[in-house]
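Enquirer: Fold the following for me, if possible:
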Amino acid sequence: MFRIALTGGIASGKSAVATLFEARGVPVVDSDVIAREIVAPGTPALDAIRVRFGDAVLLPDGSLDRRALREQVFADPAARRDLEAITHPAIRERMQAWSRTAAGPYQIHMIPLLAEGGGRRDRAANTACDATRWGRCQLRSKRARRASLACRTTRHCR
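Expert: Numbers count the residues shown, from 1 in each chain. Below you'll find the model as predicted:
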């Protein structure tokens, strides 16, 4: 199976490109969707996050308080590395399992942090349109925009 990584920074058009592939019947897996699934209540990853970061990162219903966790990990590089050590193996495992069952001659793996995480695929396609990206970024909350941009590798570093 030929695997193509679809990567790019915040608001770079990854979802738009993935939608075009899906419309043509190409299997697409989104690592962001998987990242949400692996931290659902009752999962080993969420339990490990609670142990590492405390109950303050959980909402009253036991689900992950993404805002509280984001504030901790974007302020502390060591905390971010700890979170990645918990989540990345589970995400990779789930993506590999999906990949083994996907049909077709090739598949798209949407991985926003491919360069930052050291990930590899058979090929990589980086989406980037600075003017469009900037406009999309402006639509996001100021805090989310700043935090996300701060921890991503710049296009020039890739």
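
Enquirer: Could I get the contacting residues of the residue nearest to Ile34 when sequence neighbours are not counted?
Expert: Excluding its sequence neighbours, the residue lying closest to Ile34 (C-beta to C-beta, 6 or more residues apart in numbering) is Arg94, at 4.8 Å. In short, each C-beta sits where N, CA and C put it, glycine included. Applying C-beta atoms under 8 Å, 6 or more residues apart in numbering to Arg94 gives the contacts Ile34, Glu37, Ile38.

Enquirer: Averaging pLDDT per element, find the lowest-scoring helix or strand in the chain.
Expert: Ranking every helix and strand in the chain by mean pLDDT, DSSP states H and E puts strand 123-126 at the bottom, with a mean of 50.

Enquirer: For the residue most central in space within the chain, which residues are in contact?
Expert: Among the residues of the chain, Asp32 comes closest to the average C-alpha position under C-alpha atoms, centre = their mean, at 3.8 Å. By C-beta under 8 Å, 6+ apart, the contact set of Asp32 is Met110, Pro112.

Enquirer: element containing Ile34?
Expert: helix 31-37 (DSSP states H and E).

Enquirer: now that helix, how far from the chain's geometric center?
Expert: Chain-centre distance of helix 31-37: 7 Å, with C-alpha atoms, centre = their mean, to the nearest Å.

Enquirer: before we move on, what about stretch 8-25?
Expert: Distance, centroid of stretch 8-25 to centroid of chain: 14 Å (C-alpha atoms, centre = their mean).

Enquirer: what about that stretch, how long is it end to end?
Expert: 22 Å (C-alpha to C-alpha, to the nearest Å).

Enquirer: Buried residues of it, list them for me.
Expert: Residues of stretch 8-25 classed as buried: Gly8, Gly9, Ile10, Ala11, Ser12, Gly13, Lys14, Ser15, Val17, Ala18, Phe21 (neighbour count, 16 or more other C-beta atoms under 10 Å).

Enquirer: so what's Asp47 up against?
Expert: Contacts of Asp47 (C-beta under 8 Å, 6+ apart): none.
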